[in-house]
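Trainee: The sequence and its predicted three-dimensional model are supplied below.
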Amino acid sequence: MSDFLRSYLTVAIFGGVAFGLLAGVLGIGSLIRPDRRQEGKYLTYESGVDPVGTGWMQAEIRYYIFAVLFVMFDVEAVFIFPWATRLEAYGTFGAVEMGIFIVVLALGLLYAWRKGVLRWI
């Protein structure tokens, strides 16, 4: 067997062991956990207050867009931190490219602000 196939076999073995451990732990947990059915468990939870209306109410799209914007700027931070640690290695080219990246994201934020997406109420 070649070294190439042996490395894939190693990954497959570790994947099988991980899957087996996961199945074993979930199986043991389902056997030993308590199983008490209670009506209160299945109620919709609204910040400790009794639920109002049904659980199938339509939410405003603004909350979803707000969440997508949060994820977008969170991903921006994921790209900026490694760049900041290696700024000396990238030099002027890296600084210009990151500046362009930040400007494009700032334009997206400005567009969302102008459209009124950032208003919570």
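Mentor: Now that the structure is in, tell me what you want to look at. Keep in mind that what you see is a predicted model, and the values were worked out from it rather than measured.
Trainee: who touches stretch 109-121?
Mentor: Contacting residues not belonging to stretch 109-121 are listed as 62, 65, 66, 69, 73 [C-beta atoms under 8 Å, 6 or more residues apart in numbering]. No exception for glycine: its C-beta is placed from N, CA and C like everyone else's.
Trainee: filter the residues you listed to the buried ones?
Mentor: Buried subset of the contacts of stretch 109-121 (neighbour count, 16 or more other C-beta atoms under 10 Å): residue 69.
Trainee: closest to residue 41 among the contacts of stretch 109-121?
Mentor: Nearest to residue 41 out of the contacts of stretch 109-121 is residue 66 (C-beta to C-beta; 29.9 Å).
Trainee: ok, the closest one - contacts?
Mentor: By C-beta under 8 Å, 6+ apart, the neighbours of residue 66 are 117, 118, 120.
Trainee: Please tell me which one of the residues you listed counts the most neighbours.
Mentor: In terms of neighbours by other C-beta atoms under 10 Å, the contacts of residue 66 top out with residue 117 at 15 neighbours.
Trainee: Skip ahead from the helix or strand where residue 4 lies and say which helix or strand is next.
Mentor: In this assignment (DSSP states H and E), residue 4 forms part of helix 3-32. Using DSSP H and E, the next helix or strand after helix 3-32 towards the C-terminus is helix 61-85.
Trainee: pLDDT of the very next helix or strand once past that next one, averaged?
Mentor: Note on helix 61-85: by DSSP H and E, the next helix or strand toward the C-terminus is helix 87-115. Averaged across helix 87-115, the pLDDT comes to 89.
Trainee: Helix 87-115: which residues count as buried?
Mentor: Buried-residue list, helix 87-115, by 16+ other C-beta under 10 Å: 98, 105, 109, 112.
Trainee: quick check, nearest of those residues to residue 58?
Mentor: Nearest to residue 58, judged by C-beta to C-beta, of the buried residues of helix 87-115 is residue 112 at 21.9 Å.
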